[in-house]
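> got a predicted structure here, sequence first:
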Amino acid sequence: MASIETDSYSADLRPKAIRPETRELLISKIEGSDQEFDLTSPPNAGGYGRIRHFRGEQAAPWPLNPLPVLPAANRLGLDAELTNTAQVFQNAACNWRCWYCYVPFSLLSANEARSGWFTADELVAMYEASDERPLVIDCSGGQPDLVPEWVPWMMDALVAAGLSDQVYLWSDDNLSNDYFWRYLTPVQIEQVATYANYGRVACFKGFDETSFAFNTKADESLFGRQFELFEKLLKTGMDLYAYATLTGPNPSEARAGTILFLDRLQQIDERLPLRLVPLRIEVFGVVERRVHAPERVALETQESAIAVWNEEMEKRFTAEDRALPIPLVEWSAR
């Protein structure tokens, strides 16, 4: 695949994925897609939603992944066993093509034949009508921040339905564009930043420019944009977390790259690595057909990188710091 021109592709996708005048969003239809075969439960919400069961365990030596289970439990004042499932809706557009994405690429191009138009009120109504109503709603993708209005619209819908105190809202962000500031009003930005039961996770793709470009098919110059956008999001005051995928084409660069990656994270905030979960990429479902020799090397690279990550975390943080539940990790700049 040729390198993606991220900014122009984003501009092309956005009007295909949102109708601001009617507050409608293009949501992927999971039923009948290749993704359906990877689910532990059948699609719900008329085929446009799914129930996700969060499993925090990752193969050793990878750390536990407590997102969004612990942030949701913390905000709702509940036991984590009650927040380990989520109602997921996926917007039907993404401006990158990460080879390890569990979503079929056919659901990422804003294709109306594989998706449907819904308002946030309609999504919340489908959630309410579901037989199984998790306490978490996950606005996933795709890239939700191609349509950043989705989050404040969902907040409005939850308030209107009387659910804002009972449901935790979570959203994903691939740190690819500035649409959060370009298309939201100051009032909406403040709403997202101060909404009590909301959290956002932003995913860093790779540990250096080369791994980033290999993972996303985007230009390597955008690796640095991720840090700029994360810092800008952090300054809003929203409850913010991070993922990182450590796959890359050159295992020999994993040590130096991972160390420098941690350095750059700590330039944003010294304690940011404590709010970041490295994700182990696994091969299953739609991902399997995308894995060839270069991707197999990338899977080896992530194992080298996580060993360095763990070594560096022990050097940079006390055992007490590393044992803190992730939502209780305070930013050093606040």
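Great, that's in hand.
> point out where the stretch 1-150 of the chain drops to low pLDDT.
1 (pLDDT under 70).
> as a check, name the ranges of all strands in it.
18-19, 24-28, 49-53, 85-90, 115-119, 136-140 (DSSP state E, counting those that start in this stretch).
> wait, what's in contact with residue 68?
Counting by C-beta atoms under 8 Å, 6 or more residues apart in numbering, residue 68 touches 54, 83, 86, 136, 138, 168, 170, 199, 201, 241. All C-beta spots, glycine's among them, are computed from the backbone N, C-alpha and C.
> from residue 196, how far out is it?
Here residue 68 is placed at a distance of 15 Å from residue 196 (C-beta to C-beta, to the nearest Å).
> likewise for residue 28?
28 Å.
> returning to that earlier point: which of the contacts of residue 68 count as buried?
54, 83, 86, 136, 138, 168, 170, 199, 201, 241 (16 or more other C-beta atoms under 10 Å).
> the third one touches residue 170, doesn't it?
What that stands for is residue 86. Yes: using C-beta atoms under 8 Å, residue 86 is in contact with residue 170, at 6.8 Å.
> any residues in contact with both of these two?
68, 136-138.
> report the two of those separated the most.
Farthest-apart pair in the shared contacts of residue 86 and residue 170 is 68 and 137; separation 10.2 Å (C-beta to C-beta).
> now for these two: what residues contact both?
86, 168, 170.
> which other helices and strands contact the helix ranked longest in the chain?
As assigned by DSSP state H, the longest helix anywhere in the chain is helix 293-316. When contacts are defined as 3 or more C-beta pairs under 8 Å, 6 or more residues apart in numbering; DSSP states H and E, helix 293-316 packs onto helix 209-216, helix 254-268, strand 276-279.
> so that helix versus helix 254-268, what angle?
Relative orientation of helix 293-316 and helix 254-268, computed by axes from the mean of the first three to the mean of the last three C-alpha atoms, to 10 degrees: 50 degrees.
> next one: helix 293-316 to chain centre, how far?
Distance, stretch centre to chain centre, for helix 293-316: 20 Å (C-alpha atoms, centre = their mean, to the nearest Å).
> swap in stretch 277-289?
14 Å.
> same check, this time on stretch 130-147
11 Å.
> next, name the residue at the spatial heart of the chain.
residue 172 (3.0 Å; C-alpha atoms, centre = their mean).
> helix, strand, or coil at it?
strand (DSSP: H, G, I helix; E, B strand; the rest coil).
> per-residue confidence for it?
Listed pLDDT for residue 172 reads 97.
> repeat for the one 10 residues further on
We note a pLDDT of 98 for residue 182 in this prediction.
> can you count the residues close to it?
For residue 182, the number of neighbouring residues by other C-beta atoms under 10 Å comes to 9.
> please report the distance of residue 90 from residue 262.
31 Å.
> these two: which is more packed in?
Using other C-beta under 10 Å as the criterion, residue 90 and residue 262 rank with residue 90 on top: 26 against 21.
> grab the nearest non-local neighbour of the more buried one.
residue 28 (4.4 Å; C-beta to C-beta, 6 or more residues apart in numbering).
> who does that neighbour bridge with?
residue 115 (DSSP bridges).
> residue contacts, it?
48, 90-92, 103, 107, 114-115, 142.
> what about 7 Å?
90, 92, 107, 114-115, 142 (C-beta atoms under 7 Å, 6 or more residues apart in numbering).
> what's the most distant pair in the residues you listed?
Longest span within those, C-beta to C-beta: 114 and 142, 11.7 Å.
> those two: which has the busier surroundings?
Ranked by neighbour count (other C-beta under 10 Å), residue 114 and residue 142 place residue 142 first, with 30 against 18.
> how far away is the more buried one from residue 13?
9 Å.
> so what sits against both of these two?
Taking C-beta under 7 Å, 6+ apart as the criterion, residue 142 and residue 13 both touch residue 93.
> look up how far residue 71 lies from residue 178.
Taken as C-beta to C-beta, the span from residue 178 to residue 71 is 24 Å.
> quick one, which of these two is more surrounded?
residue 71 (26 against 15).
> show me what contacts the more buried one?
So residue 71 contacts 199, 239, 241, 327 (C-beta under 7 Å, 6+ apart).
> one more time with 6 Å, if that's ok
By C-beta atoms under 6 Å, 6 or more residues apart in numbering, the contact set of residue 71 is 199, 327.
> state the distance from residue 222 to residue 206.
Distance from residue 222 to residue 206, by C-beta to C-beta: 11 Å.
> nothing else from me, thank you.
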